[in-house]
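Participant: next come a sequence and a model predicted from it.
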Amino acid sequence: NAGVTQTPKFQVLKTGQSMTLQCAQDMNHNSMYWYRQDPGMGLRLIYYSASEGTTDKGEVPNGYNVSRLNKREFSLRLESAAPSQTSVYFCATTLRELYGYTFGSGTRLTVV
Amino acid sequence: RKEVEQDPGPFNVPEGATVAFNCTYSNSASQSFFWYRQDCRKEPKLLMSVYSSGNEDGRFTAQLNRASQYISLLIRDSKLSDSATYLCVVSSSGSARQLTFGSGTQLTVLP
C-alpha cells in the first residue's frame, strides 16, 4: 500500500542514549513532518520539511535533529534521550496542506 | 490559550444516537479545517475536510463558523465502529503552512 512507513514501531532507550527514527513515504509528496503525541496534549510539531533539502523547527524542537535525506525520507534523531521524550512519534506527509496529512503508524518510544 | 480547543469528553452514547462535537480556534487567519479520527493506539486518519458552506459525508456533517471561529462535527445514527477520538485540525499561524491539532474528543458508542 502506498503511504508512510515508520521504523521502529517500538523502542526503549536508557537516558543519554541516542537513536534515529526513520520515515519514508512513497506518495511523491514534498512536505514531511514529525509530530509527538502525549496524553492530553494533542499532536505537537517537532520539525518539518517543506521540500528536499530544507528543514525548519516546529513547536517543540529542543532535543531533536532531523535530516531530509531525499524526497522520500525524513529522519528524526534524539542525540541524548531524556525521560521527557517518552512519547508516540508520528511522521506525516502532504502534497498540499489544504489536502490534509497522511500519517505513518507511529513509533512508541520509552526513555527510562 | 491553546490554538485549537476541544471538549475532551468522554462522550458515551448509545448506538443510533446523534452526537455533536465542537471546536474553537484562535487564529482568525486559518484557511484549512479538518476533522481527523484516531483509533486507540493508531495513527490519525483524515475523516473529512470542513468547508465554509458546511459539508456532509454520509452520516457525518461538518460546519464552520468563521465569525465565531468555531467548527462542529455531527454524527448521526452512531455505530459501534464510530468509537474513537476525533481531532479538530486547523491550519496554523506563521508563514509556513502547517496544521495544528486539537487534543481530541473521545467518543464511545455503547451497544
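Facilitator: Nice, I can see it.
Participant: secondary structure class of the residue lying closest to A:Y47 once chain neighbours are set aside, three-state.
Facilitator: Leaving aside its chain neighbours, A:Y47 sits nearest to A:V66 (4.3 Å; criterion: Cβ to Cβ, 6 or more residues apart in numbering or on different chains). C-betas here are computed from N, CA, C, even on glycine. Following DSSP: H, G, I helix; E, B strand; the rest coil, the label given to A:V66 is strand.
Participant: what about stretch A:97-112, near chain B?
Facilitator: Yes: counting by Cβ under 8 Å from any Cβ of the partner chain, chain B has neighbours in stretch A:97-112: A:E97, A:L98, A:G100, A:Y101, A:T102, A:F103, A:G104, A:S105, A:G106.
Participant: show me where pLDDT drops low in chain A?
Facilitator: A:1-2 (pLDDT under 70).
Participant: residues from it in reach of chain B?
Facilitator: So far as Cβ under 8 Å from any Cβ goes, chain A lies against chain B at A:33, A:35, A:40-43, A:45, A:48, A:50, A:56, A:58, A:90, A:96-98, A:100-106.
Participant: quick one: the strands in the chain?
Facilitator: Going with chain A. Along chain A, the segments classed as strands by DSSP state E run A:4-7, A:10-13, A:19-25, A:31-38, A:42-49, A:56-57, A:64-68, A:74-78, A:87-94, A:102-103, A:107-111.
Participant: should've been chain B
Facilitator: For chain B, applying DSSP E gives strands covering B:4-6, B:11-14, B:19-25, B:33-38, B:44-49, B:55-57, B:60-65, B:70-75, B:84-91, B:99-101, B:105-110.
Participant: who does the first one touch, helix- and strand-wise?
Facilitator: Just to be clear, that refers to strand B:4-6. Packing partners of strand B:4-6 (3 or more Cβ pairs under 8 Å, 6 or more residues apart in numbering or on different chains; DSSP states H and E): strand B:19-25, strand B:84-91.
Participant: the residue nearest to A:Y47 contacts A:L45, correct?
Facilitator: No: between A:V66 and A:L45 there is no contact, the gap being 11.4 Å when judged by Cβ atoms under 8 Å.
Participant: between those two, what contacts are shared?
Facilitator: Residues touching both A:V66 and A:L45 by Cβ atoms under 8 Å, 6 or more residues apart in numbering or on different chains: A:W34.
Participant: quick check: the residue nearest to B:N55 when sequence neighbours are not counted vs chain A, distance?
Facilitator: Closest residue to B:N55 apart from its sequence neighbours, by Cβ to Cβ, 6+ apart: B:A62 at 5.6 Å. Counting by Cβ to the nearest Cβ, to the nearest Å, the separation of B:A62 from chain A is 13 Å.
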